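Colleague: Sequence and predicted model, in that order:
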Amino acid sequence: MLPQVEHELHKRRRSRNIGLLVVLLAFVALVFGLSVVKITQGDMMQGYDHRPRASMLPQDPDPPAANAAPVAAPGTPAANQEAGE
Amino acid sequence: MADINAYEGPAEAGFGDYVALLKPRVMSLVVFTAFVGLWIAPQPVNPFVAFCAVLFIALGGGASGALNMWYDADIDAVMRRTAGRPVPSGRVTSGEALAVGIALSGLSVMMLGLAANWFAAGFLAFTIFFYAVVYTIWLKRSTPQNIVIGGAAGAFPPMIGWACATGGIGIESLLMFALIFFWTPPHFWALALFMKDDYSKAGVPMLTVTHGRRVTRCHIFAYTLVLAPFAIWLGFTSVGGPLYLAVSAVLNVLFIAGGWQILRRDEDQAQADGYRVEKRYFRLSLYYTFLHFLALLVQHWIGGW
C-alpha cells in the first residue's frame, strides 16, 4: 500500500474549501438577518397572489354608510317573516 | 526520503489568492467612504441593513478589482509592484479572475437592490461598468489622464452609500464625489514622481512619462487648488458644521502648501533629498481624505448647523 503523504497542494485545496464554506454560511446568515429586519420593519409585504383580495385594494376614502339593522338574505325564514308572510 | 516531483504542475490557488483578486486595500477606502455617505444621509437606515449595504458595495468594488486583474494581467506581469498578483504569478488563471469578477458583480448588484433600493443597485452596476470597461479596458492605455478617469470610479462609493439611504442624489453626495475625484490625481501623481514604476515598459501612458515631471508638478498644484473650494463648500451643506470646516480648512492649507512646494522644486533638488517633499505630500494626501470623511462622521454625531 502506498503511504498517504499530504502534498502542499492538498493543504491549499482544503484552505479553499473551508474558505468557501465559511463564505456560504455567512451569506446564509446575512440573508436570514436581512429577512428578519425587513419583516419586523413592517414594509408592505403582501404580493399579488393571482386572485383578487379585499385586503389588497386601496382604501375607499368615502366608504358607504353601514346598515343600521341587519338585513336577512332573501328566501330565508327571517326574510319571509319581514315580508309578513 | 527523496521528494520526487516529475514536473511542476500549475500552482494551486489558496483561498487567500481569491481574496487578493478583490484588492482588499482598495476595498478598505470604499468601505469607509461608502459607510460615511450612508450614515450621514438625512434618512436613518437600520444598522443591519446599513452593514449589508456597505458589504455589498465593497463586494462590487472587489468584483471590479477582479475584472481589472483579468484584463491587466499583461501589464501587471511587467511591473515589479504588481508581478506578484495572483494572475501574473500563475496561481489563478485569467479566466477564473473574469468568472469571479462577473459572478460577484451580479451578486453584489442584486443583493444591494434587495437590501437597500434599486437606484443604489443601478448606481453600483454603473460604477463597476465604469471602472472595468471605461477605465481599465478603454482609457487606461490610451490617455495620460487615465488617473483622472479612474478617480471617478473611486469617487462613486460615497454617492452609492448616500443613495442607499435616500434613494437619490443630493448636493452633499455630489460634493463628496468631487472631494475624492479631485483628490485622486495629485495623490497618484505624487506617488508616480517618486515610485518611478515601469509604466512606460508596460505601455501605460503616465503623465510623468508622456509630458514629463515638470508638467506633472504643475498638474499636482492645479488640482490641489481646484479641490479646496469643493472641500470647503461641503462644510456649508446640511452635512457640514463648524468642526468639519475647521478640519477642512487646516487640511486644505497644508495640502496647497505641499502642492506649492512640489511645484517649486525640480528633479535635481528632489533627487538630492530622496523625494522627501513628494513622499511627505503623499502621506498627507492619505490623511486628507481619511480625516475629511472622519470629520463628516463626527460632525454628524455631534450635530451640524
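Modeller: Now that the structure is in, tell me what you want to look at.
Colleague: for stretch B:239-256, the distance to its chain's centre please.
Modeller: 21 Å (CA atoms, centre = their mean, to the nearest Å).
Colleague: Please list the outside residues in contact with it.
Modeller: B:40, B:172, B:224-225, B:227-228, B:231-232, B:234-236, B:284-285, B:287-288, B:291-292, B:295-296, B:298-300, B:302-305 (CB atoms under 8 Å, 6 or more residues apart in numbering or on different chains). To be clear about C-beta, it is placed using only N, CA and C from the backbone, and glycine gets the same treatment.
Colleague: and chain A, which of the residues you listed contact it?
Modeller: Applying CB under 8 Å from any CB of the partner chain, the subset of those adjacent to chain A is empty.
Colleague: which bits of chain A sit near chain B?
Modeller: Contact residues (CB under 8 Å from any CB) of chain A with chain B: A:9, A:12-13, A:15-16, A:18-20, A:30, A:33-34, A:37, A:41.
Colleague: Among the residues you listed, which one lies nearest to chain B?
Modeller: residue A:19 (3.2 Å; CB to the nearest CB).
Colleague: Distance of that closest one relative to residue B:47?
Modeller: 27 Å (CB to CB, to the nearest Å).
Colleague: Compare those two (neighbour count), which wins?
Modeller: residue A:19 (15 against 10; other CB atoms under 10 Å in any protein chain shown).
Colleague: Now do the buried residues in stretch B:39-59.
Modeller: Using 16 or more other CB atoms under 10 Å in any protein chain shown as the test for burial, stretch B:39-59 gives B:39-41, B:45, B:49-59.
Colleague: Check stretch A:29-47 too.
Modeller: Buried residues in stretch A:29-47, counted by 16+ other CB under 10 Å: A:30, A:34, A:37-38.
Colleague: any low-confidence regions in chain A?
Modeller: A:1, A:43-48, A:56, A:64, A:66-68, A:70, A:82-85 (pLDDT under 70).
Colleague: what's the lengthiest helix in chain A packed up against?
Modeller: If you go by DSSP state H, chain A has its longest helix at helix A:8-40. Packed against helix A:8-40 by the contact rule (3 or more CB pairs under 8 Å, 6 or more residues apart in numbering or on different chains; DSSP states H and E) you find helix B:15-21, helix B:47-71.
Colleague: Adding mean pLDDT and distance to residue B:210, write those out as a markdown table.
Modeller: Listed next are those as a markdown table, based on pLDDT from 0 to 100; distance: least, CB to CB, whole Å:
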| stretch | mean pLDDT | distance to residue B:210 |
| --- | --- | --- |
| helix B:15-21 | 92 | 30 |
| helix B:47-71 | 96 | 21 |
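Colleague: Mind putting those into TSV with distance to residue B:29?
Modeller: Output for these, formatted as TSV (distance: least, CB to CB, whole Å):
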stretch	distance to residue B:29
helix B:15-21	16
helix B:47-71	9
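Colleague: Please identify the one among those helices that comes closest to residue A:53.
Modeller: Residue A:53 lies closest, by CB to CB, to one member of these: helix B:47-71, at 28.6 Å.
Colleague: can you tell me which of the contacts of stretch B:239-256 are in helices?
Modeller: Judged by DSSP H, the subset of the contacts of stretch B:239-256 located in helices is B:172, B:224-225, B:227-228, B:231-232, B:234, B:284-285, B:287-288, B:291-292, B:295-296, B:298-300, B:302.
Colleague: ChimeraX command for the buried members of those?
Modeller: Selection of buried members from the ones in helices among the contacts of stretch B:239-256 for ChimeraX, criterion 16+ other CB under 10 Å:
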select /B:172,224,227,228,231,232,234,284,285,288,291,292,295,296,299,300
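Colleague: quick one on the thing from earlier: show me which of the buried residues of stretch B:39-59 is closest to residue B:267.
Modeller: The closest of those, once distances to residue B:267 are taken by CB to CB, is residue B:58, at 39.0 Å.
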